[in-house]
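Novice: Mind folding the following:
(one chain, ligands or ions: 2)
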Amino acid sequence: MKKMVIVGAGSMAEAFISGILENDVIDRKNIWVTNNSNEKRLVNLSERYGVQSTYDLNALFDGADLVMLAMKPKDAATAIQSIRAYLSERMLVVSVLAGVSMSTIEALARIPLAIVRSMPNTSAAVGKSATAVAVNNRVTDQQIETTKILFGTVGLTSFVEEEQLDAVTGLSGSGPAYIYYLIEAMEKSAVEVGLDQQMASELIVQTLLGAAEMVKKSSKSATELRKEVTSPGGTTEAGIRILEENGVQQAFISCIKAATAQSKKMGAALSSQLETSNLPY
Ligand SMILES: NC(=O)C1=CN([C@@H]2O[C@H](COP(=O)(O)OP(=O)(O)OC[C@H]3O[C@@H](n4cnc5c(N)ncnc54)[C@H](O)[C@@H]3O)[C@@H](O)[C@H]2O)C=CC1
Ligand SMILES: O=C(O)[C@@H]1CCC=N1
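Specialist: Ligands and ions are numbered 1, 2, ... in the order given. I've put the predicted structure just below:
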């Protein structure tokens with residue numbers, strides 16, 4: 001990787017900048033970032049990380065070999081259209097956009113491109129993303145190595161077929177939010193059962209870290225581990241009974257299915273706009 005350009009300067013962009021710099025993968029002077037309007041944000045990223053920022057597209061793309069698309073999916077059509085003239089087949093285009101297919105990106109760019117479509121999550125900011133990536137057939141072996149290095153700086157990477165990425169989005173892309181939702185509930189309950197908030201917070205985080213580590217390291221399944229905690233006639237059994245009565249497990253399943261369906265819907269909306277040329281340009 002000689003020069004990386006990040007189009008879109010939000011939280012995912014920042015997570016990657018921070019991960020790349022921490023792992024010394026590319027010099028900060030060779031990371032360039034842009035957005036559509038918020039110059040203050042670009043200045044802030046430049047000051048904090050020493051990366052380059054510009055609205056001059058010639059300067060931005062000059063010598064770039066990797067271009068990351070990191071705007072919201074709703075802004076993808078406008079953004080790709082605005083940079084289309086600067087993209088080339090020799091660049092690796094890395095997308096983190098939820099729902100947007102590689103063929104839609106190529107259709108918007110109107111040239112064949114080497115594309116990596118990925119779904120990281122916000123834990124990238126602390127190097128703990130669970131990322132899945134799919135590549136198209138123009139991506140070279142060397143670019144696959146670059147992809148591994150790039151995503152390795154923000155966590156773990158699995159290679160999947162593109163068709164699986166909507167499900168990955170519903171499961172692990174959105175996943176941190178489901179866990180935060182659970183933490184919110186645990187925090188509320190802690191106060192209600194009379195615990196000090198600060199201490200409860202530490203107990204909750206350690207409980208989650210410990211449970212995650214157990215699932216990762218133990219040879220036992222989550223079901224077996226849950227059963228080990230649940231003594232007959234004990235406290236866990238009393239608690240789990242309430243979760244069962246309220247259909248909490250089924251609610252989580254429906255939640256992940258709804259998020260997966262939404263990823264598909266977002267992609268379909270963009271590609272049907274493309275087919276009817278009803279795009280914002
Ligand atoms: N936030 C999350 O949990 C995750 C987000 N993603 C994907 O990452 C992408 C970015 O998400 P966030 O960083 O959360 O969004 P964000 O809203 O924090 O940042 C988006 C950035 O794109 C810029 N932008 C908008 N229109 C533009 C244009 N025409 N040209 C250039 N830049 C433009 C905005 O100014 C902003 O800097 C989205 O496509 C999302 O689907 C993927 C995995 C997880
Ligand atoms: O909510 C969203 O659409 C994005 C994609 C995955 C996580 N956040």
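Novice: Please make it C-alpha for all contacts and neighbour counts, starting now.
Specialist: Fine.
Novice: Assign a three-state SS to the nearest residue to residue 109 once chain neighbours are set aside, would you?
Specialist: Leaving aside its chain neighbours, residue 109 sits nearest to residue 84 (5.0 Å; criterion: Cα to Cα, 6 or more residues apart in numbering). Going by DSSP: H, G, I helix; E, B strand; the rest coil, the secondary structure assigned to residue 84 is helix.
Novice: contacting residues around residue 84?
Specialist: 108-110 (Cα atoms under 8 Å, 6 or more residues apart in numbering).
Novice: how close does it sit to residue 108?
Specialist: Using Cα to Cα, to the nearest Å, residue 84 is found at 8 Å from residue 108.
Novice: swap in residue 34?
Specialist: Distance from residue 34 to residue 108, by Cα to Cα: 19 Å.
Novice: And the two? Which one has more around it.
Specialist: residue 34 (24 against 21; other Cα atoms under 10 Å).
Novice: Beta-bridge partners for the closest residue to that one other than its chain neighbours, please?
Specialist: Excluding the flanking residues, the one nearest residue 34 by Cα to Cα, 6+ apart is residue 7, at 5.2 Å. The bridge-partner assignment for residue 7, based on DSSP bridges, gives residue 34, residue 69.
Novice: Report how many residues lie close to residue 7.
Specialist: Neighbourhood size, residue 7 [other Cα under 10 Å]: 23.
Novice: Next: residue 197.
Specialist: Around residue 197 there are 13 residues (other Cα under 10 Å).
Novice: That one: what's it in contact with?
Specialist: 187, 190-191.
Novice: ok, and the closest non-adjacent residue to the residue of the stretch 101-250 of the chain at minimum distance from ligand 1?
Specialist: Residue of the stretch 101-250 of the chain nearest ligand 1, by Cα to the nearest ligand atom: residue 121 (4.1 Å). Setting aside the residues directly before and after it, residue 121 is nearest to residue 173 in space (Cα to Cα, 6+ apart), at 4.7 Å.
Novice: State the distance from that neighbour to residue 247.
Specialist: Distance from residue 173 to residue 247, by Cα to Cα: 23 Å.
Novice: These two - which one has more neighbours?
Specialist: In this comparison of residue 173 against residue 247, neighbours counted by other Cα under 10 Å, the higher total goes to residue 173 at 25 against 11.
Novice: check contacts around that one.
Specialist: 119-122, 130-131.
Novice: Same check on residue 112?
Specialist: Residue 112 neighbours (Cα under 8 Å, 6+ apart): 89, 106.
Novice: Thanks a lot, catch you later.
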